[in-house]
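Trainee: Below: sequence and its predicted model.
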Amino acid sequence: MIVDNGTSKAIALRKKFCQHFSHSFKEAIQSDPDLVIVFGGDGTLLYKVNEFGLDKTYLPINGGSLGFLTNDAEDVARTAAMVEDK
């Protein structure tokens, strides 16, 4: 998980995400992850794509201000809840 620590919204979203998925998700820092969860704005997402490459799967969650490339946090939460229920 990547968090834009300069944005209080991103920090709060990460905390909420970890609380909700604590039973099925273990945070790990890896140099070659399969999934990169990005809490922040478009700049944070682009920075991490540059770092990890285009061959990764990204779940960008808008913790910035505009979010043209990132997903709305509420949409992600609803989708995750539906997946978790199945």
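Mentor: Noted; the coordinates are in hand.
Trainee: What distance do you get for Thr7 to Gly40?
Mentor: For Thr7, the distance to Gly40 equals 6 Å [C-beta to C-beta, to the nearest Å]. (Glycine included, C-beta is placed from N, CA and C.)
Trainee: hmm, I was thinking of Thr57
Mentor: For Thr57, the distance to Gly40 equals 17 Å [C-beta to C-beta].
Trainee: higher neighbour count, the two?
Mentor: A side-by-side neighbour count of Thr57 and Gly40, using other C-beta atoms under 10 Å, places Gly40 first with 27 against 9.
Trainee: Just the pLDDT at that one, thanks.
Mentor: Note on Gly40: pLDDT of 85.
Trainee: Nearest spatial neighbour of it, chain-adjacent residues omitted?
Mentor: Sequence neighbours aside, Asp4 is the residue nearest to Gly40 in space, at 3.1 Å (criterion: C-beta to C-beta, 6 or more residues apart in numbering).
Trainee: give me the number of residues near the one you found?
Mentor: Burial of Asp4 is recorded as 22 neighbouring residues (other C-beta under 10 Å).
Trainee: Let me see the contact set for it.
Mentor: 10, 39-41, 43-44, 63-64 (C-beta atoms under 8 Å, 6 or more residues apart in numbering).
Trainee: circling back to that earlier point, what sits in contact with each of Thr7 and Gly40?
Mentor: Contacts common to Thr7 and Gly40, judged by C-beta under 8 Å, 6+ apart, are 63-64.
Trainee: For the residue nearest to Thr7 when sequence neighbours are not counted, grab the count of nearby residues.
Mentor: Leaving out its chain neighbours, the residue that sits closest to Thr7 by C-beta to C-beta, 6+ apart is Gly63, at 5.2 Å. Gly63 has 24 neighbouring residues, counting by other C-beta under 10 Å.
Trainee: Please shift the residue numbers so they start at 214 in all later answers.
Mentor: Got it, the first residue is 214 from now on, which makes the last one we talked about Gly276.
Trainee: for this structure, what spans make up the strands?
Mentor: 215-216, 248-253, 270-275 (DSSP state E).
Trainee: what's the most buried one of those?
Mentor: Greatest average neighbour count among these goes to strand 248-253 (a mean of 22), per mean count of other C-beta atoms under 10 Å.
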